[in-house]
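Peer 1: pasting the sequence and the predicted model now:
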Protein chains: 2
Amino acid sequence: MASNAISSETQRAKLERKERVILEAARAIFVDHGFDGARMQVIARRAGIGEGTIYSYYDSKAELMLAVLQQFWDGLTREAEGVMASVQVTDFFGRLEALARYHLNTVIVNADFINLTFALRRNNSEVSVSRDHLRHYVAVFDRLFLRGQDRGELRADAVLWQARDIFYGSLEYSARSIEMTIDADRTAREQEPVVHQMVALFRSHFGAAQGTVAGDDPSVVQLSSKLDRLSEKFDALAKRLG
Amino acid sequence: MASNAISSETQRAKLERKERVILEAARAIFVDHGFDGARMQVIARRAGIGEGTIYSYYDSKAELMLAVLQQFWDGLTREAEGVMASVQVTDFFGRLEALARYHLNTVIVNADFINLTFALRRNNSEVSVSRDHLRHYVAVFDRLFLRGQDRGELRADAVLWQARDIFYGSLEYSARSIEMTIDADRTAREQEPVVHQMVALFRSHFGAAQGTVAGDDPSVVQLSSKLDRLSEKFDALAKRLG
DNA sequence: AAGGCTAATTGAATAGCATTCGATATTGTC
DNA sequence: GACAATATCGAATGCTATTCAATTAGCCTT
């Protein structure tokens, strides 16, 4: 019995190790050659196994790559969470800065992987999978923003998803843009200004004004609810007309 | 001589027409089936020609798709330039708003093509080609920003490429983000607030300071966008009523 | 307008590669 | 140690982009 359990345990461990070996080989070959350039035969050889064996672990080349990407994005998400957990400062803008710095650097350093992520999007199911990776990662940003609002450091009336899209999208595109200028030296140098620019922008535009909070202005609140009521009446009328 | 020149002219025209027919067929099939799903045979059949003939116009499937994308991005760039040329307002922020609106809508409507653009990036040369498409398109944004600075409406000390990256990147990611929420109705409705948010952000952060500008206050911005949405609904209803 | 030259077109043959599958080896159980 | 169940292997398969030898259409000369 005991030996039974142990041996099946070691068997499982062995399979899991082999799975990791395959993933590792696939990662290397995909990054070097891209999806199309990668040959299953080469991946198999690198993993030290037969070609057919891969297929008892992954259904297809695309799924293999998906697994590689899954691992990559999970790693990113975990790292981002690690940055949030370990950063010393507790104020929102300090943490925002740390996340911006981490993210920008990561996106630049791992440009290969990020390209691969989008290169895989050949059919709709793959598009939605790569979306899920991204969504999971971006959730780290969402949590930070939510917390900033709870702590009263972000304007109460800021639309969180808009702010998050601006933050994330700006950094991602800045990374691409920086990366286009090839020159590795400058690449390193350009990152800090972008990080500071973003933080300053968020501070001035989304930061809660010290003193009066804009969203609290009673006349504005009143106007807003009047508008909402009008809009509802309008919808009702439109509906009644067909 | 004359007949010679004319007939070779018509011959050329004929070839060009055939090229357009192939491109047209390819566009349709690629959009419907994605790059991998598209069969050269199907494209050929749709264009009403033999399979091999395509290869006397384009060297490979990838080049064919590149040509399709080239045409797409050229169209976008031309349209964006058209928007800039035709917009009535001359002030920077008015034009920025027009471009933001055009861009956001375009990216959402043509999500298929934009996915295809990145899906093609299988090897480095294709990455750089798709970068060139983008660069060319983004140049429209650069020109607007440069002009805004010349007119003294953008801070003299704003780093143009940073501002442009923030503008472009935010909108592109917002588009992806909006598009993720599938619901077509909301998709249309969410666009205006994003446009206004961006313009307000640019006004407050990159605009040359001149007293206080209404656009600074986000709650007012929000009210304004609510009003705009209501106004749009009103127009739609009015139109429907004749 | 007939003949000859060139360029364009065709679709059957080729070749590259992911995937399958029957045969073989390994592992676990009694 | 023998039997069953699993895992592994790599040659055979099948699917497609791409090539190519044969055919056709266009154009020019006389």
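Peer 2: In hand now; what should we look at?
Peer 1: average pLDDT for the helix or strand that contains residue A:236, rounded please.
Peer 2: If you go by DSSP states H and E, residue A:236 is part of helix A:218-240. Helix A:218-240 shows a mean pLDDT of 73.
Peer 1: what's the domain layout of chain A?
Peer 2: Chain A breaks down into these domains under automatic domain parsing: A:1-58, A:69-229.
Peer 1: adding distance to DNA strand C and mean neighbour count, write those domains out as CSV.
Peer 2: In this view, the C-beta of every residue, glycine as well, is placed from N, C-alpha and C. Converted to CSV, the domains of chain A look like this (distance: least, Cβ to the nearest atom of the strand, whole Å; neighbours: other Cβ atoms under 10 Å in any protein chain shown):
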stretch, distance to DNA strand C, mean neighbour count
domain A:1-58, 3, 14
domain A:69-229, 11, 17
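Peer 1: including distance to chain B, could those go into TSV?
Peer 2: As requested, the domains of chain A are exported to TSV (distance: least, Cβ to the nearest Cβ, whole Å):
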stretch	distance to chain B
domain A:1-58	4
domain A:69-229	3
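Peer 1: adding distance to residue B:239, write the ones you listed out as CSV.
Peer 2: Formatted as CSV, the entries for those read as follows, by distance: least, Cβ to Cβ, whole Å:
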stretch, distance to residue B:239
domain A:1-58, 48
domain A:69-229, 22
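Peer 1: so which of those is nearest residue B:223?
Peer 2: Each of the domains of chain A was checked against residue B:223 via Cβ to Cβ, and the shortest separation belongs to domain A:69-229, namely 5.9 Å.
Peer 1: quick one, what contacts residue A:135?
Peer 2: Contacts were defined as Cβ atoms under 8 Å, 6 or more residues apart in numbering or on different chains; by that measure residue A:135 touches residue B:180.
Peer 1: ok, it to residue A:66 distance?
Peer 2: With the distance defined as Cβ to Cβ, to the nearest Å, residue A:135 ends up 15 Å from residue A:66.
Peer 1: cool, residue A:197 as well?
Peer 2: The span separating residue A:197 from residue A:66 equals 35 Å under the rule Cβ to Cβ.
Peer 1: kindly report the same for residue A:30.
Peer 2: 11 Å.
Peer 1: same check, this time on residue A:87
Peer 2: When distance is defined by Cβ to Cβ, residue A:87 is 32 Å away from residue A:66.
Peer 1: my guess is residue A:180 meets residue B:130, correct?
Peer 2: No - with contacts counted by Cβ atoms under 8 Å, residue A:180 stays clear of residue B:130, the gap being 11.5 Å.
Peer 1: for residue A:54, what are its contacts?
Peer 2: By Cβ under 8 Å, 6+ apart, the residues touching residue A:54 are A:22, A:40, A:43-44, A:47, A:64.
Peer 1: repeat that with 10 Å
Peer 2: Applying Cβ atoms under 10 Å, 6 or more residues apart in numbering or on different chains, we find residue A:54 in contact with A:22, A:25-26, A:40-41, A:43-44, A:47, A:60-61, A:64.
Peer 1: same question, residue A:228
Peer 2: For residue A:228, the contacting residues are B:226, B:230, by Cβ under 10 Å, 6+ apart.
Peer 1: where does the prediction get shaky in chain A?
Peer 2: Using pLDDT under 70 as the threshold, the predicted model of chain A has low-confidence ranges A:1-12, A:182-184, A:209-222, A:224-225.
Peer 1: leaving out the residues flanking it, which one is nearest to the residue nearest the centre of chain A?
Peer 2: Using Cα atoms, centre = their mean, the residue of chain A that lies closest to the mean C-alpha position is residue A:137, 3.2 Å off. In this structure, residue A:137 finds its nearest non-sequential neighbour in residue A:77, 4.8 Å apart by Cβ to Cβ, 6 or more residues apart in numbering or on different chains.
Peer 1: can you tell me how far the one you found sits from residue A:133?
Peer 2: On the measure of Cβ to Cβ, residue A:77 and residue A:133 end up 9 Å apart.
Peer 1: same check, this time on residue A:147
Peer 2: Counting by Cβ to Cβ, the separation of residue A:147 from residue A:133 is 23 Å.
Peer 1: equivalent analysis for residue A:84, please.
Peer 2: In terms of Cβ to Cβ, residue A:84 sits 19 Å off from residue A:133.
Peer 1: mind listing the helices in chain A by residue range?
Peer 2: Here chain A has its helices, by DSSP state H, at A:2-37, A:40-47, A:51-57, A:61-86, A:92-109, A:111-119, A:124-150, A:160-180, A:184-206, A:218-240.
Peer 1: now render those helices as a markdown table, adding distance to DNA strand D.
Peer 2: Below are the helices of chain A laid out as a markdown table (distance: least, Cβ to the nearest atom of the strand, whole Å):
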| stretch | distance to DNA strand D |
| --- | --- |
| helix A:2-37 | 5 |
| helix A:40-47 | 7 |
| helix A:51-57 | 2 |
| helix A:61-86 | 12 |
| helix A:92-109 | 31 |
| helix A:111-119 | 16 |
| helix A:124-150 | 17 |
| helix A:160-180 | 27 |
| helix A:184-206 | 33 |
| helix A:218-240 | 48 |
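Peer 1: for residue B:103, which of these is the nearest?
Peer 2: The stretch from the helices of chain A with the least distance to residue B:103 (Cβ to Cβ) is helix A:160-180; that distance is 12.2 Å.
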